[in-house]
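Undergrad: Turn this into a model:
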Amino acid sequence: MADGSSFNVKLYIYDMSKGLARQLSPMMLGKQVEGIWHTSIVVYGEEFFFGGGGIMSCFPGGTILGMSDSTVDLGNTEVPRDLFQEYLSSLRESTYRPEKYHLFEHNCNTFSAEVAQFLTGSKIPSYITDLPSEVLATPFGQALRPFLDSVTITPSGDNGMHGYGQW
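TA: Modelled structure (predicted):
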């Protein structure tokens, strides 16, 4: 990049169960699960995520989920903001269209993993990306799969901030 600008990239991690997964998973799944994870990428002063509404953005911590439960520093990127916006537009028109959302196979964590790789070459933690297969490998997960396959999660980031929202 000509001007040498570098931008910090963070992974925001939210426990959608608010601690219930940790408490109930041994009894329901027969194994310990620490949380039900929603993730997003924070870069250029915005939080980017994927859900049933497609690719969206807001100020960091501006979703209905509030502030993240934890944060992972993924490093820095030299990808300029305009190139990143072009990248997001191409994702929005292809692999991350709203109708392509799937709770277990194509979700916010899939999006975060792909965007992290693009921006920094880093992976997101495997305890997040491996969770769907771990849950579905249990008898309870298999029994719930038909219901869970129909679930769409869309943590709204549209809180009236001009320039933010759906991509």
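
Undergrad: And the strands in this structure?
TA: Using DSSP state E, the strands assigned to the chain run over residues 7-15, 37-43, 46-51, 54-58, 70-77, 165-166.

Undergrad: what angle separates the second one from strand 7-15?
TA: I take that to be strand 37-43. Following axes from the mean of the first three to the mean of the last three Cα atoms, to 10 degrees, one obtains 160 degrees for the angle between strand 37-43 and strand 7-15.

Undergrad: what angle separates strand 37-43 from strand 54-58?
TA: Put simply, strand 37-43 runs at 60 degrees to strand 54-58, going by the same axes, to 10 degrees.

Undergrad: how far is strand 37-43 from where the chain is centred?
TA: Relative to its chain's centre, strand 37-43 lies at 4 Å (Cα atoms, centre = their mean, to the nearest Å).

Undergrad: The longest one too?
TA: Centroid separation between strand 7-15 and its chain, computed with Cα atoms, centre = their mean, is 9 Å.

Undergrad: Flag every buried residue along that strand.
TA: 7, 9-15 (16 or more other Cβ atoms under 10 Å). For every residue, glycine as well, the C-beta is placed using N, CA and C.

Undergrad: what pLDDT, on average, does that strand get?
TA: On average, the pLDDT along strand 7-15 is 98.

Undergrad: That one pairs with which strands, and in what direction?
TA: Strand partners for strand 7-15, identified by DSSP bridges, are recorded as strand 37-43 (antiparallel), strand 70-77 (antiparallel).

Undergrad: Report the inter-axis angle for it versus strand 46-51.
TA: Using the same axes, to 10 degrees: strand 7-15 against strand 46-51 is 50 degrees.

Undergrad: show me where pLDDT drops low in this protein?
TA: For the chain, applying pLDDT under 70 flags the ranges 1-3, 151-167.

Undergrad: What segments of it are helices?
TA: 20-29, 81-93, 108-120, 126-129, 131-136, 139-148 (DSSP state H).

Undergrad: before we move on, back to that, out of the strands of the chain, nearest to residue 101?
TA: For residue 101, the closest of the strands of the chain is strand 46-51, at 6.3 Å, according to Cβ to Cβ.

Undergrad: Check the strands paired with strand 7-15 for me and report the most buried one.
TA: Comparing these by mean neighbour count (mean count of other Cβ atoms under 10 Å), strand 37-43 ranks first with a mean of 25.
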